[in-house]
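Peer 1: need coordinates for the below:
(2 chains, ligands or ions: 2)
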Amino acid sequence: MREIRYLSVAAEGPAIRALQADTDATYLAGGTSLLDLMKLEVLNFAQLVDVNAIPLTKIEVSNDGARIGSMVRNSDLALHPEIAARYPLLSEALLSGASPQIRNMATVGGNLLQRTRCYYYRDPSTACNKRNPGSGCAAIDGYNRNHAILGTSDHCIATHASDMCVALAALDAVVHTQGPGGERHIPFAEFHRLPGDHPEIESVLQHGELITAVSLPPPTGLRQSRYLKIRDRASYAFALSAVAAALRIEGNLIRGARIALGGVGTKPWRAVEAEQALVGKPANRATFTLAAAETVRGARTRPHNAFKVELTRRAVVRALSTIRGAS
Amino acid sequence: MKKIGPPVDRVDGPLKVTGGARYAAEVPVARVAHAVLVLSTIARGRITGMDTGKAERAPGVLAVITHKNAMHLPPQPTRETRASQGDHVLQLLQDDHVLYNRQPIAIVVADTFERAQHAAHLVAVRYEAAPVDVDLLRTRTAARAPHPPYHGTVAQTLPVESRRGDVAAALAAAAVRVEEVYTIPAETHNPMEPHATIAVWHGPTHLTVYDSTQGVFEDQRKLAASLGLPRENVRVISHYIGGGFGTKGAVWSHVPLAAMAAQKVGRPVKLVLSRPQMFGPVGARPQIEQRVVIGAGRDGVLAAIRHEGRSSVSQFDQFCEHFTAPTRALYKCPNLDTTERVVSLDIATPCQMRAPGEVTGTFALESALDELAVKLAIDPLELRLRNYAETDPETGRPWSSKSLRQCYQTAAEKFGWSRKKPQPRSMVDGKLLVGWGMATATYPANVRPASAIATLFADGTALVRAGTQDIGTGTYTVMTQVAADALGLPVEKVRFELGDTDMPETPTSGGSCTAASVGSAVHQACLGAREKLARLGNGGGADPSVDEPFAAQLARHGMKRIEARYDAKQLETRDRYAMRAFGAQFVEVRVDPELGEVRVSRAVGAFAAGRILNAKTARSQLLGGMIWGISMALHENTVYDPKLGRIMNNDLSEYLVPVNLDIPAIDVLFVPEDDPYVNEIGVKGVGEIGITGMAAAVANAVYHATGRRIRDLPITLDKLL
Ligand SMILES: Cc1cc2nc3c(=O)[nH]c(=O)nc-3n(C[C@H](O)[C@H](O)[C@H](O)COP(=O)(O)OP(=O)(O)OC[C@H]3O[C@@H](n4cnc5c(N)ncnc54)[C@H](O)[C@@H]3O)c2cc1C
Ligand code: SF4
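Peer 2: Ligands and ions are numbered 1, 2, ... in the order given. From the prediction side, this is the model:
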């Protein structure tokens, strides 16, 4: 048994100081991603700083938007009446993920930083640049069914597996942090990093930086939305492809659009070109088909995940055409 | 026989739900140490170095056993000399060879489980790795005949080739022909309870093992043989088992390894496999590729079938799925060729998995028949009726009983089959395509020699014992019913004990043979005890519950107990009749035509399997089988990395089985069947037949929904895009 130091803290300050003092420490929230990987000896930390007692558990919804504490449990967020009413996309995405038990433990902060489900990442006997920088990537020429087709590099093709984050990407969330250098407010699109040459670095967070909240702008025009998750079984499976879509339709013309994808990108994938292809066009299947093609432009596939290109196109069309008001 | 049949609650139910039932790893054993296996990370090659220093120095570690310091064992059987199909060639740390990925290569023992687990990670291994060959569909390795000999039990003596009539000529002359190839990936058993063993030595020569096994006697034999002990020095106990499904029907390396570790550290040792370790060293359904060629007349009457295929096996051991067995038995067909071949790959030895051969073969045959029905525009059910085998098509023998017609009728009626619109894509529900498919289910009525002892006590209770296992099927309960029925006692007055090699010998719980085999022995032993009592000549009637209770009779003779043993053999009727259980399965699927997602929305199965001992436990078996069939059709796929030869989806997050939402309401219907010939109690066994037709029925329904024939399981959405 490896001895791990454990510290429970009840406020941000002590948490940040504890990590500042120990480069081999990390935050422990729900533990559903972290402890799992520590048991597999994929992640090895000498100290866990348990942040569950920090009261960052508020959900505030107003006309200015929403602010969600980083320690809010996934199930509490999904079932919060005002979130469900104003940001149904977020609720749907959360409820499509994992199982009730896991959602009861999982936090907003932990969900943002959950690790990939790449089979090789989780198996320390294999080559993996993300787990062991410079060792290679066994997935590229191995079994890559659950891997990404967008945002990949020659060093890593792992997907970011979160559903919640796909909705947050579409909703233009901002991640609020507090760290040794003070507070930061990070636009969602900038929060996760592409793998590039350094797949081991997954976000822009610095060591010791604590996620305190996620905020959402007012859902103006985004309430007509749909989260569509496609997977190999009816529940309790990660997405093969997921689409978070929202449309603002006036008359028969699309005035605003958001599309983000899950299960296909190395990070939660905002499809900006596809959104642009929708705006100003009639809300019909022809438009949706054109936009869908934009979402996977530039996709790089491997033998087992090539189907995700066509699947994603179809999923985007389906998601858009089932949004209320679209035809 | 009024105790037999009703849905009696599991007699072990209260113990199980209150935690009182102790599974192998839960048996309290003083001073038990904990062992964790170190498994290889290459699939083929040699171990060139092992650094165990760090592990040995880790806190709490008692021993690190590798091929360098393991006890020397007597030579093992090879694949050529194995005694039976279950007699696997094991990896017991006797040399530096690596023959498959996740082969046991070391065992770490510590005072706590966590310490052992961590120390196991600290063992550093260097290998000389060789290129691997793990994919049946891509390999260049030629198929070969499985190595004879197969000794032993019924299922293991099936011929790997069979010929009747002149297939070539009949195919050439046939008006229509279907010729297709069907493939099935490796599938991994995932019983809820993993493999678990506690080994306790009593001195240097006597061993007790608590093991989660489907065969305490097989375990005993194998342990004794591999450790070089007389069989009677080894006792195996297995009181509760959290599912086996075939993986616990064979003895794998970790069982003797636990005993070796216990000997090394001079303490009892507990070894539990982790879920990821269940994917490799403890068997799997082999990868199978089958070609089915059918020739028929325009009226759908079969002229010839050729069914041939190959299944994967390890380099060092033996296993062959008898996937042509259902084809030889299901339909009247004058000309038939069947051939089973194996291909040696760098994988661990596959093994039985629920309905081995029967379900895989049925998937191919019943898919091909559906293709024939489409070609001829004949209703698939009608096609099967036109080829109904009134006698066993292989031997010409009469069936001991066969109620398949009634199964077809019962299930079809319940399902509403007559309302089927034959055209693919012709039935819809909103935007979803609806498809209906059916298939025949069958499983041989196996019986193996079994013994039991019945003891009647002066307090009016009875104890019946047989070494057998309850792998979750309900053995405790149904045997209690069989005994109560034969003794004329209420169920509450009878106790049935099992799971111990100190009890009368019984077969491994495989091949759906336990209810029939052990049930016959129990029934006869109980009758024997009553007879003995009657022979005391006190006027005790034939039915003590009606006449004088046997307690009073025993008292009058001043006896505390009376005991009788029975050794059940196969009835001689076995040579005169062909014996199988049959069923019919109907499935409805809904398919999203754009996204390819398939969900089973309805399923009906009707089965005739002789006498049903307990309507509740039997239903659970059939239901579980049908659910697994859906899983096989849509979900299960053991994926090997092509270069590492390592199973990559080795947990229940990535190895998919259905969740509740994937499974609709399922109707399980019993067709009553009275069979005086199969065995003393008329039972055919229901453990496996439930899965057999399902994969084909689902695939056939998917075809009907979409017009797309998927011959390569599982039917995942990418195949339908
Ligand atoms: C079997 C299974 C199935 C799953 N299925 C899905 C699914 O379908 N869809 C889906 O989206 N997810 C799924 N998940 C993932 C699940 O959503 C994540 O594990 C969960 O959201 C992580 O949250 P946590 O609070 O438990 O994080 P933890 O495991 O506690 O932490 C994860 C990481 O975040 C860091 N961290 C946590 N909080 C903070 C903070 N406030 N500031 C800075 N760093 C922090 C930790 O240090 C750690 O590195 C599944 C997980 C499992 C185990
Ligand atoms: S895809 Fe990324 S996570 Fe997976 S093996 Fe390659 S480098 Fe590692």
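Peer 1: can you pull the residues of the stretch 51-200 of chain A lying near ligand 2?
Peer 2: For the stretch 51-200 of chain A, the residues in contact with ligand 2 (CB under 6 Å from any ligand atom) are A:116, A:118, A:120-121, A:128-130, A:137-139, A:156-158, A:199. Quick note: C-beta positions are derived from backbone N, CA and C, even for glycine.
Peer 1: which of the residues you listed count as buried?
Peer 2: Buried by 16 or more other CB atoms under 10 Å in any protein chain shown: A:116, A:118, A:120-121, A:128-130, A:137-139, A:156-158, A:199, out of these.
Peer 1: what about B:Thr477, which SS state?
Peer 2: Of the three states, B:Thr477 takes helix under DSSP: H, G, I helix; E, B strand; the rest coil.
Peer 1: secondary structure of B:Ser601: a helix, I assume?
Peer 2: No - under three-state DSSP, B:Ser601 sits outside any helix and is assigned strand.
Peer 1: quick check: it touching B:Arg590?
Peer 2: Yes - B:Ser601 is within contact range of B:Arg590, at 4.9 Å (criterion: CB atoms under 8 Å).
Peer 1: does B:Pro658 count as helix, strand or coil?
Peer 2: With three-state DSSP as the criterion, B:Pro658 reads coil.
Peer 1: right, and it touches B:Ala633 too?
Peer 2: No - the pair B:Pro658 / B:Ala633 is not scored as a contact, 10.0 Å apart, by CB under 8 Å.
Peer 1: between these two, who's got more neighbours?
Peer 2: B:Ala633 (27 against 20; other CB atoms under 10 Å in any protein chain shown).
Peer 1: can you tell me how far that one is from chain A?
Peer 2: Distance of B:Ala633 to chain A, given as CB to the nearest CB, to the nearest Å: 12 Å.
Peer 1: residues contacting B:Phe363?
Peer 2: Residues counted as contacts of B:Phe363 (CB atoms under 8 Å, 6 or more residues apart in numbering or on different chains) are B:Tyr182, B:Ile184, B:Met632, B:Ala695, B:Ala696, B:Ala699, B:Leu713.
Peer 1: next helix or strand past the one helix or strand in chain B whose mean pLDDT sits lowest?
Peer 2: Ranking every helix and strand in chain B by mean pLDDT, DSSP states H and E puts helix B:550-556 at the bottom, with a mean of 86. Sequence-wise, the next helix or strand downstream of helix B:550-556 (DSSP states H and E) is strand B:561-568.
Peer 1: and that next one, which residues are buried?
Peer 2: Result for strand B:561-568 [16+ other CB under 10 Å]: buried residues B:Ile562, B:Ala564, B:Arg565, B:Tyr566, B:Ala568.
Peer 1: show me what that strand is packed up against.
Peer 2: strand B:450-457, helix B:514-535, helix B:550-556 (3 or more CB pairs under 8 Å, 6 or more residues apart in numbering or on different chains; DSSP states H and E).
Peer 1: any idea how many residues pack against residue 62?
Peer 2: Reading this off chain A. 10.
Peer 1: um, chain B though
Peer 2: 21.
Peer 1: can you tell me which residues contact it?
Peer 2: Neighbours of B:Leu62 in contact, by CB under 8 Å, 6+ apart: B:Ala33, B:Val109, B:Ala110, B:Asp111, B:Val265, B:Arg267.
Peer 1: verify the stated contact: the third one with B:Glu56.
Peer 2: This points to B:Ala110. No - using CB under 8 Å, B:Ala110 makes no contact with B:Glu56, being 10.3 Å away.
Peer 1: what touches both of the two?
Peer 2: B:Ala119.
Peer 1: coming back round to it: in CSV: the contacts of B:Leu62, plus secondary structure.
Peer 2: CSV is the format used below for these (three-state DSSP):
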residue, secondary structure
B:Ala33, strand
B:Val109, strand
B:Ala110, strand
B:Asp111, coil
B:Val265, helix
B:Arg267, coil
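Peer 1: and of those residues, the nearest to A:Ile249?
Peer 2: B:Ala110 (64.5 Å; CB to CB).
Peer 1: just give me the least confident of the buried residues of strand B:561-568.
Peer 2: On pLDDT alone, B:Ala568 ranks lowest of the buried residues of strand B:561-568, at 88.
Peer 1: that one contacts B:Val482, doesn't it?
Peer 2: No - assessed by CB under 8 Å, B:Ala568 is found out of contact with B:Val482, at 11.9 Å.
Peer 1: now for the helix or strand harbouring B:Val342, which elements pack on it?
Peer 2: Using DSSP H and E, B:Val342 maps to strand B:335-344. Identification of packing neighbours for strand B:335-344 by 3+ CB pairs under 8 Å, 6+ apart yields strand B:161-164, helix B:167-173, strand B:302-313, helix B:325-330.
Peer 1: heading C-terminal from it, find the next helix or strand.
Peer 2: helix B:358-376.
Peer 1: and the very next helix or strand once past that following helix, which residues are buried?
Peer 2: Next helix or strand after helix B:358-376 toward the C-terminus (DSSP H and E): helix B:380-386. Residues of helix B:380-386 classed as buried by neighbour count (16+ other CB under 10 Å): B:Pro380, B:Leu381, B:Leu383, B:Arg384, B:Arg386.
Peer 1: now do the third one against ligand 1, distance only.
Peer 2: This points to B:Leu383. 43 Å (CB to the nearest ligand atom, to the nearest Å).
Peer 1: shouldn't that residue be in contact with B:Val374?
Peer 2: No - if you go by CB under 8 Å, B:Leu383 and B:Val374 don't touch, sitting 9.8 Å apart.
Peer 1: and chain B, which of its residues are near chain A?
Peer 2: B:41, B:59-60, B:112, B:114-115, B:117-118, B:121, B:594-597, B:599, B:634-635, B:639-644, B:646, B:648-649, B:653-654, B:656, B:658-662, B:716-718, B:721 (CB under 8 Å from any CB of the partner chain).
Peer 1: buried ones among those residues?
Peer 2: Buried among the residues of chain B next to chain A by 16+ other CB under 10 Å: B:41, B:60, B:115, B:117-118, B:121, B:595-597, B:599, B:634-635, B:639-644, B:646, B:648-649, B:654, B:656, B:658, B:662, B:716-718, B:721.
Peer 1: next, count neighbours for residue 38.
Peer 2: Because you didn't say which chain, this covers chain A. By other CB under 10 Å, neighbour count at A:Met38 equals 18.
Peer 1: um, chain B though
Peer 2: 23.
Peer 1: host element of it?
Peer 2: Residue-wise, B:Val38 maps onto strand B:33-39 under DSSP H and E.
Peer 1: quickly run through the sheet partners of that strand, with directions.
Peer 2: Paired with strand B:33-39 in the same sheet, following DSSP bridges, are strand B:104-110 (antiparallel), strand B:269-272 (parallel).
Peer 1: give the next helix or strand downstream of it.
Peer 2: Following strand B:33-39 in sequence, per DSSP H and E, is strand B:45-51.
Peer 1: which residues sit against that next one?
Peer 2: B:40, B:66-68, B:96-98, B:105-106, B:123-130.
Peer 1: rerun at 6 Å
Peer 2: For strand B:45-51, contacts defined as CB atoms under 6 Å, 6 or more residues apart in numbering or on different chains pick out B:Thr66, B:Asp96, B:Val98, B:Ala124, B:Val125, B:Arg126, B:Tyr127, B:Glu128, B:Ala129, B:Ala130.
Peer 1: swap in stretch B:122-138?
Peer 2: B:38, B:42-52, B:54-55, B:58, B:106, B:139, B:141, B:287, B:312, B:343, B:345-347, B:640, B:645.
Peer 1: out of those, which end up buried?
Peer 2: Of the contacts of stretch B:122-138, these count as buried by 16+ other CB under 10 Å: B:38, B:42-45, B:47, B:50, B:52, B:55, B:58, B:106, B:139, B:287, B:312, B:343, B:345-347, B:640, B:645.
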